[in-house]
Structures are given as C-alpha cells and as structure tokens.
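Colleague: this is the structure alone, sequence omitted:
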C-alpha cells in the first residue's frame, strides 16, 4: 500500500459509479488503518470511526473528554499508520498565533529574514485543550483549518494534504479557559465525546503497557501511504446519495430551526438556535465516508442516523434553561430525528 502502488489508481471523474474493485481497494486501506489503530488503542471504536470519517472527508474533529482517554495516542497512531507527519500543540493562555502558524526570524549573518513554519504544517495536528488558548490564537488556528493555508510575511504557505486537526477540550475544568464561539465550533465537521473504558478494557490497557506495546519501537508499521488517503477522499465523492436521502437531511436540519412545530414543547423550549447549512453539508460528506467504511457505494438512512450526535451536538445551541435542567443536546437531537420520517 505505497504511494507508488496507488498513484496509477486515481478514481475516475465524480460522475462515474464506484466499481467493486475500487470498493475492495478501499476496504483494504481502511482495514490496514483500523488494524494499526486497534494494536495500540483499546476499545474507542466510535473514536476510530470518527477519525476515519474525518480523514476521508478532509474535515476536522473536536474531542471532549477528561484527561487520559487516549486522545493523543489515537491521533498519533492514525498518523503513524499512514506514514504521515504528526504534531501535538499544548494550548496555553500565553500561546501566540505565530507559535502555531509560523513566523519570520532575522538571520544576522545573511541580513535577511528566514521563514520558520509552525507545527500546523503537518498532516495531523492535535490541539490539546484548545479552549485554554486565547481567542486570537483560536481564530488563527481555525482560519488555517478553513483556508488550508497560512500567511507569513505576506507569503502564502499551503498546508499539506491530507490535513486533519483534532482539537480537545476538558469539560470538567473551566478555570483559565476561553470558550469557543458557536461560529468557530460550527467549522468542526464532527464532535465526539469520549467516555471511560470498561473494566475489561482498562485491564487490557494495563496488560499492553506491561508488555511494551506503547514503546516507541512497537509503533505500528506505516502500511498505508498518503496517496491511499487521497484515493479514499476522491472515491468518497462518488458514493451515491439518493435524492430521498438529501431531502431527509434537509428536513432534519429544518426541524432543528423550527422545533416548536415538530417536537414536544418541553424540549423545544430549550433550543436557542438550530443548525446552519454546514450541518447539512457535514451530513452529506460524513455519510458518504461512513458508507465507504462499511463497504458500500451508496448512502442509507442509517448512515445519517449513526452520525446524528457527532454532527449536531456542537451545532444546536441550547439556552441557559437547558444547562440548568441538565438537558443534553443528544436528547434534543433524538427528538428531532424522531419527528422526521425515515425514507
């Protein structure tokens, strides 16, 4: 699964249907990445699928969990499995935008400025505790995510492809943090909430630590190249989406904006604002990627339902009453899906 081996297998134009041979090729690539992921990360199948969907769509992921639930390990393992560059950025209040995007340094010997690219110029970037960085730094990073480029000293530098950002935030410690504005949250394709491992999974983690699985020498081999990822991204664009699925997605998003007309008033009163058109786009892109992960060349309604929490939990804005009554966004999302007939 090298870059050279797949360079000649570039999928046909987006209008061409996906062939069985292409699906088999996609299955091999996904299987290789999943196997490498499973060798180091115990459980966390939802996180694995989220990372693969983001990788195939070229989107970014916001992860929320308490510390120690393998977020860094998962991101690093995915990067190693596809032989990609990986950088981890620990966000702090004194972190500057130039610390992420890059800056110019004066070379006294040559009497000129030399550009030094920041850590964002990597295939995989883990922004640990993004809500600890200042609003200005958050904006600089999110601009790089959206534009896929940075500007240093008036010169534009393109980010590598594929490019995937995993941003994390800690929900239990809010002192000294800067909450991400809703408009910036909307730019993340998916938001995943990680939970503690089961006792059996935690015991397996301890056994793997004792056996040296997490040692640097035991890193998974890079059996997949960057060209394989580009191949998956091009292939996903050709996954068939029926008009009924498109209408289903649009109706769901419409209900989030007019909940009083479709879901019980006791729940509708908690909704401040519904989802933006980015949610519809995210459903389309992510559903196509999920279908490809499951070995299909077409999207089914279950793909949309499976992604409902990841796509909408950070896009539906609830009011203060919802926070006071401890109403989770997932409860509202489930009610929205229950109000729209499945095609």
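Modeller: Received, thanks. In this text the structure is predicted, and so the values were computed from the model without any measurement.
Colleague: mind checking the pLDDT average for stretch 259-268?
Modeller: Across stretch 259-268, pLDDT averages out at 93.
Colleague: what do you get for stretch 316-323?
Modeller: Per-residue scores along stretch 316-323 average to 90.
Colleague: straight-line length of it, end to end?
Modeller: Using CA to CA, to the nearest Å, one end of stretch 316-323 lies 13 Å from the other.
Colleague: from the middle of its chain, how far away would that stretch be?
Modeller: When C-alpha coordinates are averaged (CA atoms, centre = their mean, to the nearest Å), stretch 316-323 and its chain have centres 24 Å apart.
Colleague: over to stretch 92-108?
Modeller: How far stretch 92-108 lies from its chain's middle: 26 Å, per CA atoms, centre = their mean.
Colleague: again with stretch 287-297
Modeller: On CA atoms, centre = their mean, the centre of stretch 287-297 falls 16 Å from the chain's centre.
Colleague: in it, which residues are buried?
Modeller: Buried residues in stretch 287-297, counted by 16 or more other CB atoms under 10 Å: 287-293, 296-297. Using the backbone N, CA and C atoms, a C-beta is placed for each residue, glycine as well.
Colleague: what do you get for stretch 272-287?
Modeller: Quick answer for stretch 272-287 (16+ other CB under 10 Å): 274-276, 279-287.
Colleague: please work out the average pLDDT along it.
Modeller: Taken as a whole, stretch 272-287 has an average pLDDT of 94.
Colleague: quick one: contacts of that stretch?
Modeller: With CB atoms under 8 Å, 6 or more residues apart in numbering as the test, stretch 272-287 has contacts from 53, 57, 59, 182, 186-187, 189-190, 236, 241, 245-246, 249-250, 252-253, 255-259, 299, 303-304, 307, 310-312, 315-319.
Colleague: off-centre distance for that stretch?
Modeller: Taking CA atoms, centre = their mean, one finds the center of stretch 272-287 at 14 Å from the center of the full chain.
Colleague: in helices, which of the buried residues of stretch 272-287 appear?
Modeller: Among the buried residues of stretch 272-287, DSSP state H puts 279-287 in helices.
Colleague: of all those residues, which comes closest to residue 127?
Modeller: Nearest to residue 127 among those is residue 282, at 19.3 Å by CB to CB.
Colleague: how far away is that closest one from residue 48?
Modeller: Counting by CB to CB, to the nearest Å, the gap from residue 282 to residue 48 is 19 Å.
Colleague: same check on residue 211?
Modeller: From residue 211 to residue 48 the distance is 21 Å (CB to CB).
Colleague: between those two, point out the one with more neighbours.
Modeller: The residue with more neighbours, out of residue 211 and residue 48, is residue 48; 19 against 10, by other CB atoms under 10 Å.
Colleague: isn't there a helix covering residue 34?
Modeller: Yes: counting by DSSP: H, G, I helix; E, B strand; the rest coil, residue 34 is found in a helix.
Colleague: local confidence estimate at it?
Modeller: In this model, residue 34 is scored at 88, pLDDT.
Colleague: where does residue 27 fall, secondary structure wise?
Modeller: Taking DSSP states H and E as the definition, one finds residue 27 inside helix 20-40.
Colleague: now do that helix: which elements does it pack against?
Modeller: On a contact count with 3 or more CB pairs under 8 Å, 6 or more residues apart in numbering; DSSP states H and E, helix 20-40 meets helix 45-57, helix 71-81, helix 226-236, helix 277-293.
Colleague: packing partners for the third one?
Modeller: Packed against helix 226-236 by the contact rule (3+ CB pairs under 8 Å, 6+ apart) you find helix 3-7, helix 20-40, helix 45-57, helix 277-293.
Colleague: Throw these into CSV and include distance to residue 76, thanks.
Modeller: Output for these, formatted as CSV (distance: least, CB to CB, whole Å):
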stretch, distance to residue 76
helix 3-7, 21
helix 20-40, 8
helix 45-57, 11
helix 277-293, 21
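Colleague: residue 263: which of those helices is closest?
Modeller: For the helices and strands packed on helix 226-236, proximity to residue 263 was assessed by CB to CB; helix 277-293 is nearest, at 16.5 Å.
Colleague: now do the contacts for residue 292.
Modeller: With contact set as CB under 8 Å, 6+ apart, residue 292 has these partners: 23, 26, 30, 56, 232, 235-236, 239.
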